[in-house]
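J.: Output the structure for:
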Amino acid sequence: MRAILAALLAFGTILVLSPASAQSPTPDEGYSLQPATGNYLKIDRRTGDVSLCTPRGDAWSCQLIADDRRAYEDRIVELEAENERLAKQLAALKAEEHAAPLLGGDDERRLQEFFDLGDRMFRHFFDLVERLRERERAPI
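T.: Numbering: from 1, shown residues only. All right, here's what the predicted structure looks like:
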């Protein structure tokens, strides 16, 4: 009977203490120190940052360890921002391309005059060629 009572008491204690350990750490519990080959790893329980703490003279010095995952995530955020900026720039260029005519009114008129002149020159040239052919076919 005593064994069952002791087991229930132990089980109840575990249930009562479990929710307290699942809560977020208080400011006093914000860091955890773990031994690591003569030094200590300081782990920030809120952010997950890890620092290597080493003794230097009479004091301890902690240096943040680079987090590759965070570097990748930061780079992804940078690339997404650049991608968004370039997409907006491309959309603006496409809108500008469709909005503005390639040539102004005066340039358009001059280009049309040039094409008309070219058309007249080619017609005149082909007329001369046709007349030369007729002369060759005509009896002498």
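J.: And the strands in this protein?
T.: Taking DSSP state E as the criterion, the chain contains strands spanning 31-36, 39-44, 50-56, 59-64.
J.: Now find how far off-centre the third one is within its chain.
T.: It stands for strand 50-56. Centroid displacement of strand 50-56 relative to its chain, using C-alpha atoms, centre = their mean, to the nearest Å, is 34 Å.
J.: Pull up the pairing partners for that strand, direction included.
T.: Sheet pairing here is set by DSSP bridges, and for strand 50-56 it gives strand 39-44 (antiparallel), strand 59-64 (antiparallel).
J.: want to throw these into TSV with mean pLDDT?
T.: TSV is the format used below for the strands paired with strand 50-56 (pLDDT from 0 to 100):
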stretch	mean pLDDT
strand 39-44	84
strand 59-64	85
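J.: so which of the strands of the chain is the most packed in?
T.: With neighbours taken as mean count of other C-beta atoms under 10 Å, the strands of the chain reach their highest mean count in strand 39-44, at a mean of 16. C-beta here means a position set from N, CA and C on the backbone, and glycine is covered the same way.
J.: how many degrees apart are that strand and strand 31-36 in direction?
T.: 150 degrees (axes from the mean of the first three to the mean of the last three C-alpha atoms, to 10 degrees).
J.: Only C-alpha atoms, please: export strand 39-44 in PDB.
T.: C-alpha atoms of strand 39-44 as PDB (Å, rounded to 0.1, in the frame of the first residue of the first chain):
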ATOM      1  CA  ASN A  39      35.300  26.100 -22.200                       C
ATOM      2  CA  TYR A  40      31.500  26.700 -22.000                       C
ATOM      3  CA  LEU A  41      28.800  27.100 -24.600                       C
ATOM      4  CA  LYS A  42      26.300  29.800 -23.700                       C
ATOM      5  CA  ILE A  43      22.900  29.200 -25.200                       C
ATOM      6  CA  ASP A  44      20.300  31.900 -25.300                       C
END
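J.: wait, which of the strands of the chain is closest to residue 108?
T.: The minimum distance between residue 108 and those falls on strand 59-64, with 64.4 Å, by C-beta to C-beta.
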